[in-house]
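Participant: below is the sequence, then the predicted model.
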Amino acid sequence: MIVIEAVREDPKLDELERRLGRVPNMVRVMANSPAVLEGYLGLSRALKRATLPPATAERIALAVGAANACSYCVSAHTHGARGAGLDEAEIEAAKAGTSADPKEAAAVAFARELTESRGDAGDAAARAAGWTEAQVLEIIAIVALQTLTNYVNKVAGTENDWLGR
């Protein structure tokens, strides 16, 4: 099991603490490898500038976290989904790999299929639902980022500091 690195002076961690009011346990685990931490934070920042709506990104994160049975990430993204305006029914639908909105359902189903097939999925349904080529690539990137975080948390047995938030 990977232990949580003591939070040290680091501008990357300081930025998270300013934004979230704390450094999540997952990030503290990743701090054991500056390269992993930098990669995670860099891709996370880049995806904040993506063209996918924040609620779509949270739906995808929930679908991937649920498919990978990562309770830490499901808890974190349930919190994020609420902040992005999703109600409890949509949060539960995302965990199941769908949505009441057909366009959102196509994105979430594509993400879930990518996860479950280890990348062997076609994008035709997502494209037919109206997602652009750039957005399909962004969905793939979110799946990759969430797979990283899911695996880190499961291997590390990261203590869930998102419960009750």
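Facilitator: Received, thanks. Numbers count the residues shown, from 1 in each chain.
Participant: what's the helix or strand for the spatially most central residue of the chain?
Facilitator: Nearest to the geometric centre of the chain sits A61, at 3.6 Å (CA atoms, centre = their mean). For A61, the host element (DSSP states H and E) is helix 54-67.
Participant: the inter-axis angle of the helix or strand following that helix versus helix 54-67?
Facilitator: Where DSSP H and E defines the elements, the next helix or strand beyond helix 54-67 is helix 71-83. Counting by axes from the mean of the first three to the mean of the last three CA atoms, to 10 degrees, helix 71-83 lies at 160 degrees to helix 54-67.
Participant: quick one: buried residues of helix 71-83?
Facilitator: For helix 71-83, the neighbour count (16 or more other CB atoms under 10 Å) marks 71-81 as buried. For the C-beta atoms, the positions are set from N, CA and C on the backbone; glycine is no exception.
Participant: which one of these is nearest K95?
Facilitator: Closest approach between those and K95, by CB to CB: V74, at 6.7 Å.
Participant: how close does that closest one sit to P54?
Facilitator: 17 Å (CB to CB, to the nearest Å).
Participant: next one: L137
Facilitator: L137 is 17 Å from P54, by CB to CB.
Participant: understood, closing this out.
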